[in-house]
Every structure is written in structure tokens, then in C-alpha cells.
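# With the sequence up front, the predicted model follows.
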Amino acid sequence: RDNIERVRRDEEEARQKEAKEEGRMMLADSEARIDQLRERAGVTEKKKKRKDEDLDKVIAEGSFSHRAVLPTTGGHINFFEDLET
């Protein structure tokens with residue numbers, strides 16, 4: 001019984017860790033795209049230090065990683081999950 005609970009807890013921790021890492025990757029990708037667009041437009045970008053602080057703040061809050069999680073069933077996105085529960 002304790003083993004089952006431990007496995008469930010470990011799986012939940014792994015899901016949260018994966019979601020957080022996915023959020024970090026998505027944020028890094030979007031920052032890279034924004035930088036590329038700024039270069040193309042010839043716009044001067046913010047100071048790097050400030051951008052890094054903003055990035056660290058978003059990552060520390062963890063709010064971005066929650067939006068990165070998609071409900072899936074067997075690798076497919078279930079668009080009607082809210083309606084089914």
C-alpha cells in the first residue's frame with residue numbers, strides 16, 4: 001500500500017518536473033524568436049541583465065510551466081476533457 005502511494009507521488013513529481021522543464025524550453029524558444037525578430041526589425045534590445053532577471057522571475061514563479069501542460073490520452077490531445085468530467 002505504501003509502495004503504491006510512493007509510486008504515485010514520484011510519478012506526480014516527475015510530471016511536474018517535466019512540465020516545468022517544458023515551460024522553460026518554451027520560454028527560451030520564444031525569447032530566441034523575439035530576439036531574432038528584433039534583429040530583423042533593427043530595434044535595439046533591452047539590456048541583457050534585465051532580460052535575464054525577467055526570465056529568472058518567470059521561471060521562479062512557475063506560472064509559465066502550468067500553461068505548457070496539455071491534457072493527453074495516448075499521445076492525443078483531448079479538446080473535450082473539460083466537458084467529459
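Now that the structure is in, tell me what you want to look at.
# do you know how far Ile34 is from Gly42?
14 Å (C-beta to C-beta, to the nearest Å). (Glycine included, C-beta is placed from N, CA and C.)
# out of those two, which sits in the more crowded spot?
Ile34 (12 against 6; other C-beta atoms under 10 Å).
# Which of the helices or strands spans that one?
Here Ile34, judged by DSSP states H and E, is contained in helix 2-41.
# Buried by neighbour count: which residues of that helix qualify?
Across helix 2-41, burial judged by 16 or more other C-beta atoms under 10 Å covers 19-20, 22-24, 27.
# pLDDT at Glu11, what is it?
Looking at Glu11, its pLDDT is 94.
# Tell me where the model's unsure across this structure.
44-51, 58-59, 61-75, 85 (pLDDT under 70).
# Give the other helices and strands that the helix holding Ile34 contacts.
Applying 3 or more C-beta pairs under 8 Å, 6 or more residues apart in numbering; DSSP states H and E, one finds that helix 2-41 contacts helix 48-61, helix 63-67.
# Kindly recompute the last result at 6 Å.
Contact here means 3 or more C-beta pairs under 6 Å, 6 or more residues apart in numbering; DSSP states H and E; on that basis helix 2-41 packs against helix 63-67.
# SS state for Phe79?
Look at Phe79: counting by DSSP: H, G, I helix; E, B strand; the rest coil, its state is coil.
# who touches it in this structure?
Going by C-beta atoms under 6 Å, 6 or more residues apart in numbering, Phe79 touches no other residue.
# Phi, psi for it please.
Backbone geometry at Phe79, expressed as degrees, to the nearest 10, gives phi -70, psi -20.
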